[in-house]
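1. structure for this input, please:
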Amino acid sequence: MIKTAPAPIRALLLALAIAGLVLPWWFNLRYLSGGGSLAPGAFFGAAFANPLTTAITLDVYLAAVAFCIGVARDTEAGPRRWWAVPLTFGVGLCFALPLYLWWRSAPPRA
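-> Predicted coordinates:
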């Protein structure tokens, strides 16, 4: 059975999702406006530019894959859960994960 989260927890999850959308994309837009490219070679070259960015990039991508496996196995959430997978890789894990938890913790519909 899906457990409903208290309102303050749901509000925090929604605030984290909003921050997870705005903050990383502010930096993404700075990267692009500074001449950065979305071409795979340039983009991943920047993401793996040094040991620190490599560690952060691998950490996030491995966590994203694990989250998507969890979403796929989350049978209690029903078939409407799949939206989280493209959002994870298209927008970002720090947006999709708290948004999914917020959605998952909603009170049951009557």
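2. for the helix ranked longest in the chain, packing partners?
-> Taking DSSP state H as the assignment, the helix of the chain that covers the most residues is helix 7-33. The contact analysis (3 or more C-beta pairs under 8 Å, 6 or more residues apart in numbering; DSSP states H and E) places helix 7-33 against helix 93-104. The way it works is simple: take the backbone N, C-alpha and C, and place the C-beta from them, glycine included.
3. contact partners of the helix it packs on?
-> Counting contacts by C-beta atoms under 8 Å, 6 or more residues apart in numbering, the residues outside helix 93-104 that touch it are 2, 5, 10, 13-14, 16-17, 19-21, 23-24, 60, 63-64, 67, 71, 74, 77, 81, 84, 87-88.
4. what subset of those residues is buried?
-> Among the contacts of helix 93-104, the ones that count as buried by 16 or more other C-beta atoms under 10 Å are 5, 10, 13, 16-17, 20-21, 24, 60, 64, 67, 71, 81, 84, 87-88.
5. the helix or strand where A55 lies packs against which elements?
-> Taking DSSP states H and E as the criterion, the element that holds A55 is helix 51-73. Secondary-structure packing of helix 51-73 (3+ C-beta pairs under 8 Å, 6+ apart): helix 40-47, helix 84-90, helix 93-104.
6. before I go, just wanted to say thanks for your time.
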